[in-house]
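*Asks:* Fold the following, please.
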Amino acid sequence: MKKIKLILVGYGPRGKNWLQIIKKNKKTEIIAICDINEKTKDKYTIDIPFYSKISNALLESKADGIILSTPPFNRMKDVKACAKYRLPILVEKPLAVNFKEAKSLVNFMNQQKLLLMVGLNFRYLPSTLEKIKLIKSNKVGKPHFSKFIYERWRDGKLKRLNKYPLYMKHPMLWEQSIHHFDLIRFIFNSNVKTVFATTSNPPWSMYKHHTNVNAIIELNNGIQINYIGNWQSNCKSINFEWRTDCTKGVIIQKKQFSNLSYRKFNSTKFKNIKLKKFKMWSDDANLLLLDFINSIKNKNNYIKINNDHLKSLKIVDACIKSSKTGKKIYLNTSYY
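*Replies:* Okay, the predicted model is just below:
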């Protein structure tokens, strides 16, 4: 079977992880790496052509697709360079640093009839897939309202992390909440109708801009979510809880990637749901990569995939607008 040949653009912390994922996948082959900083080369890149300019990598390598793992600034330049060679792209989130730019990127790739998939790997978690199964089984009935809490102290200066979130606007929303908002849409199978939100930054924060988000999110199907997310909680342990109240009971997830259970209304005990063994940041990324490969082959599906991410980004943008104006934002408008 012919392997999908990939160029990896960006060899920072996430790029290094992507290289290992591509190497381990039997359906993919890494044929080139591109990073403006050649000092990022290491023992894993010795036998792989390494370029400092994306134009040279594209010109000299016959690729089937691109993994774009660069910071989200000036993305249009890289996307247009790849489009010139008719290459589909799997891009790390965030797609851009504002909704207008993200929309322009998607519209451009739609016009070019090329795939632009965003790497939202939380969709592939066992906890995500089992929660969808549970809701579809009707064991606890139809979801009506939900509470989503994610609180942590994130040390943005750690060597293994990208440093740009320390200075970007609304880093929590663009880097973390986007995962949560995408899961809300994905699991509850509905887009968002309205958002009312506030954002802030505590005095001890190491980040330049707002790291705290409080939002009330209403979906088109009537489900309401109370969302609390922050990156600068003054406690180093992560506090995570996602509770969903349904017509026949409740679903609770106590850890971000595990600890999923449910309880029927008349029951006295929660029933734990057995989750498949899973290596975080590896198995999920591999499933995302396989999805990208399948999407490359299914060329007719690119517009649906490209547009889907914008529906999650709308929630991020609406939170920012609501926080600035103090008003509820309606997402079913011509702007979006």
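*Asks:* Give me the phi and psi for the residue lying farthest from the centre of the chain.
*Replies:* Most distant residue from the mean C-alpha position of the chain: residue 266, 36.8 Å away (C-alpha atoms, centre = their mean). Dihedral angles of residue 266 (phi, psi; degrees, to the nearest 10) stand at phi -90, psi 0.
*Asks:* My understanding was that residue 199 contacts residue 170; is that so?
*Replies:* Yes: between residue 199 and residue 170 there is a contact under C-beta atoms under 8 Å: 6.5 Å. For every residue, glycine as well, the C-beta is placed using N, CA and C.
*Asks:* got any residues that touch both of those two?
*Replies:* Any residue near both residue 199 and residue 170 by C-beta atoms under 8 Å, 6 or more residues apart in numbering counts here, and that gives 210, 319, 320.
*Asks:* mind checking the backbone torsions on the last one?
*Replies:* Meaning residue 320. Dihedral angles for residue 320 - degrees, to the nearest 10 - are phi -70, psi -50.
*Asks:* cool, the second one as well?
*Replies:* Recorded main-chain torsions at residue 319 are phi -60, psi -40, according to degrees, to the nearest 10.
*Asks:* show me what contacts it?
*Replies:* Per C-beta under 8 Å, 6+ apart, neighbours of residue 319: 170, 173, 177, 195, 197, 199, 213, 215.
*Asks:* could the residues you listed be laid out in JSON lines, adding secondary structure, distance to residue 275 and pLDDT?
*Replies:* Formatted as JSON lines, those follow (DSSP: H, G, I helix; E, B strand; the rest coil; distance: C-beta to C-beta, whole Å; pLDDT from 0 to 100):
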{"residue": "170", "secondary structure": "coil", "distance to residue 275": "32", "pLDDT": "97"}
{"residue": "173", "secondary structure": "helix", "distance to residue 275": "28", "pLDDT": "98"}
{"residue": "177", "secondary structure": "helix", "distance to residue 275": "23", "pLDDT": "98"}
{"residue": "195", "secondary structure": "strand", "distance to residue 275": "30", "pLDDT": "98"}
{"residue": "197", "secondary structure": "strand", "distance to residue 275": "31", "pLDDT": "98"}
{"residue": "199", "secondary structure": "strand", "distance to residue 275": "32", "pLDDT": "98"}
{"residue": "213", "secondary structure": "strand", "distance to residue 275": "27", "pLDDT": "98"}
{"residue": "215", "secondary structure": "strand", "distance to residue 275": "27", "pLDDT": "98"}
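*Asks:* can you list these in JSON lines and add neighbour count and distance to residue 254?
*Replies:* Below are the contacts of residue 319 laid out as JSON lines (neighbours: other C-beta atoms under 10 Å; distance: C-beta to C-beta, whole Å):
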{"residue": "170", "neighbour count": "24", "distance to residue 254": "27"}
{"residue": "173", "neighbour count": "29", "distance to residue 254": "24"}
{"residue": "177", "neighbour count": "27", "distance to residue 254": "19"}
{"residue": "195", "neighbour count": "26", "distance to residue 254": "26"}
{"residue": "197", "neighbour count": "24", "distance to residue 254": "25"}
{"residue": "199", "neighbour count": "23", "distance to residue 254": "26"}
{"residue": "213", "neighbour count": "25", "distance to residue 254": "21"}
{"residue": "215", "neighbour count": "24", "distance to residue 254": "21"}
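*Asks:* got the contact list for residue 218?
*Replies:* Taking C-beta under 8 Å, 6+ apart, one finds 192, 193, 194, 195, 224, 225 in contact with residue 218.
*Asks:* In strands, which of these fall?
*Replies:* 192, 193, 194, 195, 224, 225 (DSSP state E).
*Asks:* Among the contacts of residue 218, the buried ones, what's the PyMOL command?
*Replies:* Those of the contacts of residue 218 that count as buried under 16 or more other C-beta atoms under 10 Å are selected in PyMOL with:
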select buried, resi 192+193+194+195+225
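*Asks:* Output the contacts of residue 218 as CSV; include the columns distance to residue 74.
*Replies:* Shown next, in CSV, are these (distance: C-beta to C-beta, whole Å):
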residue, distance to residue 74
192, 28
193, 33
194, 32
195, 28
224, 38
225, 33
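*Asks:* which one of the contacts of residue 218 sits closest to residue 83?
*Replies:* residue 192 (29.5 Å; C-beta to C-beta).
*Asks:* Pretty sure that closest one sits against residue 331.
*Replies:* Yes: if you go by C-beta under 8 Å, residue 192 and residue 331 touch, sitting 5.2 Å apart.
*Asks:* list the contacts for the most centrally placed residue in the chain?
*Replies:* For the chain, the residue nearest the mean C-alpha position is residue 120 (3.0 Å; C-alpha atoms, centre = their mean). The contact partners of residue 120, taken as C-beta under 8 Å, 6+ apart, are 93, 178, 179, 182, 288, 309, 312.
*Asks:* name the element the second one belongs to?
*Replies:* This points to residue 178. helix 178-188 (DSSP states H and E).
*Asks:* From the contact counts, what lies against that helix?
*Replies:* Applying 3 or more C-beta pairs under 8 Å, 6 or more residues apart in numbering; DSSP states H and E, one finds that helix 178-188 contacts helix 126-137, strand 143-151, strand 192-200, strand 212-219, strand 224-230, helix 302-325.
*Asks:* The longest one: which residues count as buried?
*Replies:* Right, helix 302-325. Result for helix 302-325 [16+ other C-beta under 10 Å]: buried residues 302, 305-306, 308-310, 312-323.
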